[in-house]
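S.K.: build me a structure from this.
(one chain, ligands or ions: 1)
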Amino acid sequence: MAREDHRKEVQEWVEGSCRECGNSFPQRHSYERSCPACFKIERDYKMLWGDLAFLWMQEQLKETQLQLLDAQRALKAVKKAQAQPPTKTSPRFRDDLLRQVISLCHPDKHGGSERATKVTQELLSMRTKTTRQKKRKT
Ligand SMILES: [Zn+2]
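M.R.: Predicted coordinates for the structure are as follows:
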């Protein structure tokens, strides 16, 4: 039998969980409860090179699964951090300066100019924001 034939045969197997060691093992039949290594160890059968190779691969798989879990957790943390909007740092105006700027830009002093109205509205919204930030801090 060629390697390819053996590969096709094992592709039919499903992943079982060993009742002895808890590790994954290739389950050929639903009644199999132990991995080949535990099966032999329980019965004190001689462990051959292939059995030890299976044990080695089982440990490698377990380590790789743990690394995958760590990587998935790290990726989740990165995605969560990226999803949060960057913290806004609004320009800091001294209260009295902002009040004076608003007074100077007021549309009443500019013949009801549309531009003065827009600028004043922006400045007023800045004042509201800085007032809210101060309330939050206290
Ligand atoms: Zn086992």
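S.K.: what about the helices in the protein?
M.R.: Listed in chain order, the helices found in the chain under DSSP state H are 3-10, 36-42, 49-83, 95-105, 114-137.
S.K.: contacts for the second one next, please.
M.R.: Put plainly, it is helix 36-42. Counting contacts by CB atoms under 8 Å, 6 or more residues apart in numbering, the residues outside helix 36-42 that touch it are 18, 20, 21, 25, 34, 45, 46, 47, 51, 54, 55, 58. Bear in mind the C-beta positions are built from the backbone N, C-alpha and C, glycine included.
S.K.: how is the protein divided into domains?
M.R.: Domain ranges of the chain: 7-59, 95-137, per automatic domain parsing.
S.K.: how far off centre is the longest one?
M.R.: When you say that, I think you mean domain 7-59. In terms of CA atoms, centre = their mean, to the nearest Å, the gap separating the centre of domain 7-59 from the centre of its chain is 33 Å.
S.K.: near the ion at all, it?
M.R.: Yes: part of domain 7-59 sits near the ion under the criterion CB under 5 Å from the ion, namely 18, 20, 21, 35, 38.
S.K.: and the gap between the residue positioned nearest the centre of the chain and residue 84?
M.R.: Computing the C-alpha centroid of the chain and ranking residues by CA atoms, centre = their mean puts residue 76 first, at 0.3 Å. Distance from residue 76 to residue 84, counting by CB to CB, to the nearest Å: 13 Å.
S.K.: same check on residue 13?
M.R.: Between residue 13 and residue 84 the distance, using CB to CB, works out to 44 Å.
S.K.: who's more crowded, those two?
M.R.: Neighbours were tallied for residue 13 and for residue 84 using other CB atoms under 10 Å; the higher tally belongs to residue 13 (13 against 7).
S.K.: tell me the contacts of that one?
M.R.: Applying CB under 8 Å, 6+ apart as the definition, the contact partners of residue 13 turn out to be 26, 27, 28.
S.K.: the same query, at a cut-off of 10 Å, please.
M.R.: Residue 13 sits next to 25, 26, 27, 28, 29, 32 when contact means CB atoms under 10 Å, 6 or more residues apart in numbering.
S.K.: mean pLDDT lowest for which of the domains of the chain?
M.R.: When these are ranked by mean pLDDT, domain 95-137 comes last with a mean of 77.
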